[in-house]
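1. please find the sequence and the predicted model below.
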Amino acid sequence: MNTQQIIVITISLVWFVCLVVCFLKGKYVMAVVGLIAAVAQQVGLPPVGGYYILNLIYPLWFLPFIGAVRLAHPKSYYANWFYRSNLHKYWRAIERYGLIQEYAAKIASDPSASAEFETFLKRSLTPEQRLSGLKTTEAAEVAKLTRLGRDAYLAEKQAELSPQIDAMIAQMKERPKN
């Protein structure tokens, strides 16, 4: 085997692994279009009207590489296997796919998941992560409200915020009037 054949085999194996990862991540359209483009490239297409359709389809074989790098669908096998240890990625995927309300209801019905979710939100985040997590925080509050009920939730919020409000009022009273 010469060097060129080794490079072609290596690229083909990496492409195939990325194709499998796309299927596991729930990126079915990217995987199927990438597969069709690769097969069309190998088979070759006849010219239509003097133009080769292959020239238009050729770049699409690269889609599995892109799909393997992007976030997985939260309901995919990949997310279940790998995002459970990285909650930040898991909740980013939930936000990206617009499943916040569905997962808020799921968290509310499971106390252990709800506690894990609240612990995740309380840890120190960078400002960028806080901004991206605003909808996630909202989902956590909806989950807590659903789990506790309206009265218990309001009592908990009042107990949580009352000392902070009292401290702010005391601080404002201590300031000299201008």
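-> That came through fine.

2. below-threshold pLDDT in the protein: ranges please.
-> 44-55, 108, 110-140, 177-178 (pLDDT under 70).

3. repeat that with 90
-> Residues of the chain meeting the criterion pLDDT under 90: 1-2, 4-5, 8, 11-12, 36-63, 71-178.

4. in it, which spans are strands?
-> Using DSSP state E, the strands of the chain run over 47-48, 51-52.

5. show me what contacts the residue most central in space within the chain?
-> For the chain, the residue sitting closest to the mean C-alpha position, by C-alpha atoms, centre = their mean, is A93 at 1.5 Å. Residues near A93 by C-beta atoms under 8 Å, 6 or more residues apart in numbering: L71, A72, H73, P74, A79, Y83. (C-beta placed from N, C-alpha, C; glycine too.)

6. any chance you could map the helices in the protein?
-> Applying DSSP state H to the chain gives helices spanning 3-25, 28-43, 53-57, 63-69, 77-82, 87-96, 100-109, 111-122, 127-132, 134-148, 150-174.

7. run a quick neighbour tally on A152.
-> By the criterion of other C-beta atoms under 10 Å, A152 has 12 neighbours.

8. would you mind measuring from it to A143?
-> Separation of A152 from A143 (C-beta to C-beta, to the nearest Å): 14 Å.

9. for V8, same thing?
-> V8 is 51 Å from A143, by C-beta to C-beta.

10. those two: which has the busier surroundings?
-> A143 (24 against 11).

11. Y103 contacts I94, correct?
-> Yes: counting by C-beta atoms under 8 Å, Y103 does reach I94; the two are 5.2 Å apart.

12. and stretch 23-32, what's buried?
-> For stretch 23-32, burial by neighbour count (16 or more other C-beta atoms under 10 Å) applies to F23, L24, K25, G26, K27, M30, A31.

13. swap that for stretch 87-98, sorry
-> L87, K89, Y90, W91, R92, A93, I94, E95, Y97.

14. related to what we said a few turns ago, farthest pair in the contacts of A93?
-> Using C-beta to C-beta, these span at most 10.4 Å, a distance reached by H73 and Y83.

15. who's in contact with the nearest residue to K89 once chain neighbours are set aside?
-> In this structure, K89 finds its nearest non-sequential neighbour in Y83, 5.1 Å apart by C-beta to C-beta, 6 or more residues apart in numbering. Contacts here follow C-beta under 8 Å, 6+ apart; on that basis Y83 touches A72, P74, K89, Y90, A93.
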